[in-house]
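Sharing a sequence plus its predicted fold:
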Amino acid sequence: MITAIRSLLFMLVFYSGSLGFVLWALLSSWVAPASVQGVATGWSRFHRASARWLLGQRVVVQGDLPHGPYLYILKHESMFETIDLLCLFDRPAIGAKRELLDIPLWGVIARRYGLIPIERTAGASALRALRASAAAAAAAGRAVCLFPEGTRVPHGESPPLKSGFAGLYSLLGLPVVPIAVDSGRVSPRGRFLKRAGTITYKVGEIIPTGLDRKEAEAKVHAAINALNQCDRPKSGLASS
């Protein structure tokens, strides 16, 4: 019963508050387009605070999270990390399915913020466009963050990586920071009920440039699935 009440309160507070952030971003972007990134960061912090105080979800980062010219590759288990990345990084450029950028109002803001559109079914031309967007973001000092599984995955499952990761790894020439996430334990995909608990980011060893495709994919796959069998996160540096 407590979980249901918490989940309902979170839904009411977060989604009604999100509408306010969307309207704020739309209005401010007409005056100063760059202000969208600041509003988006505020929205992410609002989301983390809502999850912390309404759902009882804390965030822990295991390992040192480097900042610099890296390609950040993350496990994807729930909506949580897609929003929370703006708390982990400064103005990260996040890869998102192109159809998400067609959502009314939200899509306009996403484009002005600088999300990287990903065409899942397109070929070489889409990969070149993805590479150009990612390279521009990296050159501007923004973290480039991708979810190589392509969609949210139930906790404990480890599907193969989408082919786009290997192409982008080769084209960008950036070292990779793989990050495991276990958000699906407390906020499962497609579930209204969200449980209290700790969401862990586990930072893996940096993967250097120049590896062949199979080796790079194997290292990334192992690292982002490092929390699959963990029922409880180990000690780490608490972020909230």
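On my side now, so go ahead.

Can you show me the helices along the chain?
2-31, 35-50, 79-88, 106-113, 124-139, 164-172, 213-224 (DSSP state H).

Let's see stretch 166-183 as CSV, backbone CA atoms only.
The C-alpha coordinates for stretch 166-183 follow below in CSV (Å, rounded to 0.1, in the frame of the first residue of the first chain):
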residue,chain,number,x,y,z
ALA,A,166,30.8,-0.5,-33.2
GLY,A,167,30.5,1.9,-36.1
LEU,A,168,30.3,5.0,-33.9
TYR,A,169,33.3,3.7,-31.8
SER,A,170,35.3,3.4,-34.9
LEU,A,171,34.3,6.7,-36.5
LEU,A,172,34.6,8.9,-33.4
GLY,A,173,37.9,7.6,-32.2
LEU,A,174,37.0,8.3,-28.6
PRO,A,175,37.8,6.0,-25.6
VAL,A,176,34.7,4.5,-24.1
VAL,A,177,33.5,4.7,-20.5
PRO,A,178,31.0,1.8,-19.9
ILE,A,179,28.5,2.3,-17.1
ALA,A,180,26.2,-0.4,-15.6
VAL,A,181,22.9,0.7,-14.2
ASP,A,182,20.4,-1.4,-12.1
SER,A,183,17.4,1.0,-12.1
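
low-confidence ranges in the protein?
By pLDDT under 70, the weakly predicted segments of the chain are 120-124, 230-240.

residues contacting the most centrally placed residue in the chain?
Nearest to the geometric centre of the chain sits residue 82, at 3.4 Å (Cα atoms, centre = their mean). Counting by Cβ atoms under 8 Å, 6 or more residues apart in numbering, residue 82 touches 76, 94, 96, 147. Backbone N, C-alpha and C define where each C-beta goes, glycine included.

And residue 137, how far from residue 69?
11 Å (Cβ to Cβ, to the nearest Å).

The two: which is more packed in?
Neighbour count, other Cβ atoms under 10 Å: between residue 137 and residue 69, residue 137 has more, with 20 against 14.

For that one, which non-adjacent residue is spatially closest?
residue 93 (3.4 Å; Cβ to Cβ, 6 or more residues apart in numbering).

how close does that neighbour get to residue 77?
21 Å.

Neighbour count for these two, which is higher?
A direct count of neighbours by other Cβ under 10 Å for residue 93 and residue 77 places residue 77 higher, at 28 against 23.

can you tell me which of the helices of the chain comes nearest to residue 182?
helix 79-88 (9.9 Å; Cβ to Cβ).

what's the angle from that closest one to helix 35-50?
120 degrees (axes from the mean of the first three to the mean of the last three Cα atoms, to 10 degrees).

which of the residues in helix 79-88 are buried?
80, 81, 82, 83, 84, 85, 86, 87, 88 (16 or more other Cβ atoms under 10 Å).

follow-up on the earlier one: take the helices of the chain and lay them out in CSV including distance to residue 182.
Listed next are those as CSV, based on distance: least, Cβ to Cβ, whole Å:
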stretch, distance to residue 182
helix 2-31, 18
helix 35-50, 16
helix 79-88, 10
helix 106-113, 26
helix 124-139, 26
helix 164-172, 20
helix 213-224, 11
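
Which one of those helices lies nearest to residue 199?
helix 79-88 (6.3 Å).

any idea how far that closest one is from the chain center?
Relative to the centre of its chain, helix 79-88 is centred 5 Å away, using Cα atoms, centre = their mean, to the nearest Å.
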